[in-house]
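Trainee: I would like the atomic coordinates for the input below:
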Amino acid sequence: MVAAVILDVDGTLVDTNYHHALAWYRAFRRHEIVLPVWRLHRHVGMGGDKYVAAMAGDDVEKRLGDDLRDAWEEIFNGMIDEVAPLAGARELLTELKDRGHTIVLASSSIQEHLDHFLELLDARELADGWTMKDDVEASKPDPDLVKAALAKAGTRDAVMLGDTPWDVEAARKAGIETICVMTGGFSEQKLTDAGAVAVFESIEELRERLDATPLA
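Mentor: Down below sits the predicted model:
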């Protein structure tokens, strides 16, 4: 049994990925940049410090990067009350805790957003620690966030739980494996191709099959 579980938050425990994609779409539109939402969604899970350049190029990042991130934050704040925990999320945290795992929530959210998600999940007493944007210099797919979470867990004997290829890549660079759920909107094939060791349709399916994973 692995000692610790490093859990992504957005798209894995709370249902935010499409809210993020729509917020980015509206932020770009403010600056007369129109990008298809499906493409914007494909990069959700990548940190905001990399997102603008990945979607619109280095020139847009240089000219408008901070303005776009500020607009995204404002727009997402207007939707955050619509965000709900994914079915079975808190129950998964409880079960992992009961099985003796150390639990660290690996988030690159700003403090305000993370606090909101912790309240939604009622997770403060279940998690042994969590990360946020200020804990890292570079976001996913760089490994900084996963490494910070491992440091808080106090062990490298861990597995990542995520929902995007960016989670898998960051965890691989940090030297740990990733179990994925499809709740972020990425297909089983996409997540498997990225290197996930197991993929489940939902948190509830993962809970039913925990003993068939590295979390057995």
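
Trainee: what about the helices in the protein?
Mentor: With DSSP state H as the criterion, the chain has helices at 17-30, 37-42, 48-56, 58-79, 89-98, 111-121, 144-153, 165-174, 188-194, 203-208.

Trainee: where does this structure dip in pLDDT?
Mentor: Within the chain, no range satisfies pLDDT under 70.

Trainee: winner for burial among the helices of the chain?
Mentor: Most buried of those by mean neighbour count (mean count of other C-beta atoms under 10 Å) is helix 165-174; its value is a mean of 25. Using the backbone N, CA and C atoms, a C-beta is placed for each residue, glycine as well.

Trainee: Go ahead and name everything in contact with it.
Mentor: For helix 165-174, contacts defined as C-beta atoms under 8 Å, 6 or more residues apart in numbering pick out 6, 8, 12, 45-46, 140-143, 145-147, 150, 160, 162, 177-178, 180, 186, 190-191, 193-196.

Trainee: export the helices of the chain to CSV and tack on distance to residue 131?
Mentor: As requested, those are exported to CSV (distance: least, C-beta to C-beta, whole Å):
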stretch, distance to residue 131
helix 17-30, 18
helix 37-42, 23
helix 48-56, 15
helix 58-79, 18
helix 89-98, 16
helix 111-121, 9
helix 144-153, 5
helix 165-174, 12
helix 188-194, 21
helix 203-208, 20
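
Trainee: Those: which one's closest to residue 104?
Mentor: Distance to residue 104, taken as C-beta to C-beta, is lowest for helix 144-153 among the helices of the chain, at 4.5 Å.

Trainee: Mind giving me the packing neighbours of that closest one?
Mentor: Counting contacts by 3 or more C-beta pairs under 8 Å, 6 or more residues apart in numbering; DSSP states H and E, helix 144-153 packs against strand 4-8, strand 102-106, strand 129-130, helix 165-174.

Trainee: can you rerun that using 6 Å?
Mentor: In terms of contact count using 3 or more C-beta pairs under 6 Å, 6 or more residues apart in numbering; DSSP states H and E, helix 144-153 is assigned the packing partners strand 102-106, helix 165-174.

Trainee: next one: the longest one to chain centre, how far?
Mentor: By that I understand helix 165-174. 11 Å (C-alpha atoms, centre = their mean, to the nearest Å).

Trainee: got the CA positions of that helix in PDB?
Mentor: C-alpha atoms of helix 165-174 as PDB (Å, rounded to 0.1, in the frame of the first residue of the first chain):
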ATOM      1  CA  PRO A 165      -2.800  14.700 -19.100                       C
ATOM      2  CA  TRP A 166      -1.100  17.600 -17.400                       C
ATOM      3  CA  ASP A 167      -1.500  15.900 -14.000                       C
ATOM      4  CA  VAL A 168       0.000  12.700 -15.400                       C
ATOM      5  CA  GLU A 169       3.000  14.600 -16.900                       C
ATOM      6  CA  ALA A 170       3.700  16.600 -13.800                       C
ATOM      7  CA  ALA A 171       3.500  13.500 -11.600                       C
ATOM      8  CA  ARG A 172       5.800  11.500 -14.000                       C
ATOM      9  CA  LYS A 173       8.400  14.300 -13.900                       C
ATOM     10  CA  ALA A 174       8.100  14.100 -10.000                       C
END
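
Trainee: the inter-axis angle of that helix versus strand 102-106?
Mentor: Between helix 165-174 and strand 102-106, the angle comes out at 120 degrees (axes from the mean of the first three to the mean of the last three C-alpha atoms, to 10 degrees).
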